[in-house]
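Visitor: Attaching a predicted model along with its sequence, questions to come.
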Amino acid sequence: MEIGPTLTTARLVLRPPLQADFDGFAQFSSEEETMRFLGGTMPRGSAWRGMASLTGSWVLQGFGMFSVIERDTGRWIGRLGPLRPGGKEGDWPGDEVGWGLLATAQGRGYAYEGATAAMDWVFENLGWESVIHCIDKRNAPSIALARRLGSTVQRENVNMPAPFADHVVDLWGQTRAQWRARRPA
């Protein structure tokens, strides 16, 4: 059963998560450096609940984070895309496009390639007027990616909602008009 679209880029396939993705998701969730700014590592059972939550958002909201698959290998390498935890506006600081890749997939431009496709999709298909990225000040790679995407700091030192209430981030983002103005035709 398909629950959402499949987006294809030069090197990636972005699609809603499948049960077959779980081993990759569990590996991702166990990587200390990868999970440093994403709430910390998770045991396999918690990783399953996290992946099930992302999958369920496709059914409940009509969107969610995509599984990121390398086209050449078919390997699951991360998750990225739209999210609005809590289900409605106001439950999260804004409509977010987030990202996270396995350590072995980082530094290759995959996050930029996938986030670009995801932002195109949310602005075109979900009609979002703006997107945010919740980024810890110490997360230099995500800050660099947000800048490369054309996002700027919208608000600093924002306390996240529960269960991340002790986590402070900066909200990066941009409007649909800003995104369209800098994208090639």
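Guide: It's in. Residues are numbered from 1 along each chain as shown.
Visitor: can you give me the helices for this structure?
Guide: 22-30, 32-35, 44-61, 110-121, 140-149, 176-182 (DSSP state H).
Visitor: Relative to Glu2, which of these is closest?
Guide: When the helices of the chain are compared by Cβ to Cβ, helix 44-61 sits nearest Glu2, at 9.6 Å. Quick note: C-beta positions are derived from backbone N, CA and C, even for glycine.
Visitor: Buried residues, that closest one. List them.
Guide: Ala47, Trp48, Gly50, Met51, Leu54, Thr55, Ser57, Trp58 (16 or more other Cβ atoms under 10 Å).
Visitor: Just want the angle from that helix to helix 22-30.
Guide: Relative orientation of helix 44-61 versus helix 22-30 (axes from the mean of the first three to the mean of the last three Cα atoms, to 10 degrees): 110 degrees.
Visitor: Helix 44-61 packs against which elements?
Guide: If contacts are counted by 3 or more Cβ pairs under 8 Å, 6 or more residues apart in numbering; DSSP states H and E, helix 44-61 sits against helix 22-30, strand 76-83.
Visitor: partners of the shortest one in the sheet?
Guide: Meaning strand 76-83. strand 66-70 (antiparallel), strand 96-101 (antiparallel) (DSSP bridges).
Visitor: Distance from the lowest-mean-pLDDT helix or strand in the chain to the middle of the chain?
Guide: Lowest on mean pLDDT, DSSP states H and E among the helices and strands of the chain sits helix 32-35, with a mean of 76. Relative to its parent chain, helix 32-35 has a centroid offset of 15 Å by Cα atoms, centre = their mean, to the nearest Å.
Visitor: repeat for stretch 124-142
Guide: That offset, for stretch 124-142, works out to 8 Å (Cα atoms, centre = their mean).
Visitor: Show me what counts as buried in it.
Guide: So for stretch 124-142, counting by 16+ other Cβ under 10 Å, buried means Trp128, Ser130, Val131, Ile132, His133, Cys134, Ile135, Asp136, Asn139, Ser142.
Visitor: residues in contact with that stretch?
Guide: The contact list for stretch 124-142 (Cβ atoms under 8 Å, 6 or more residues apart in numbering) reads 5, 36-37, 62-63, 82, 93-99, 106, 119, 122-123, 143, 146, 149, 151, 154, 158, 160, 167-176, 179.
Visitor: mind running it again at 7 Å?
Guide: 37, 63, 82, 93-98, 119, 122, 143, 146, 151, 154, 160, 169-176 (Cβ atoms under 7 Å, 6 or more residues apart in numbering).
Visitor: How about stretch 83-103?
Guide: So stretch 83-103 is in contact with 24, 27-28, 31, 33-34, 38, 57, 60-61, 64-65, 68, 77-82, 110-111, 114-115, 118-119, 122, 128, 130-134, 158, 161, 171, 173, going by Cβ under 7 Å, 6+ apart.
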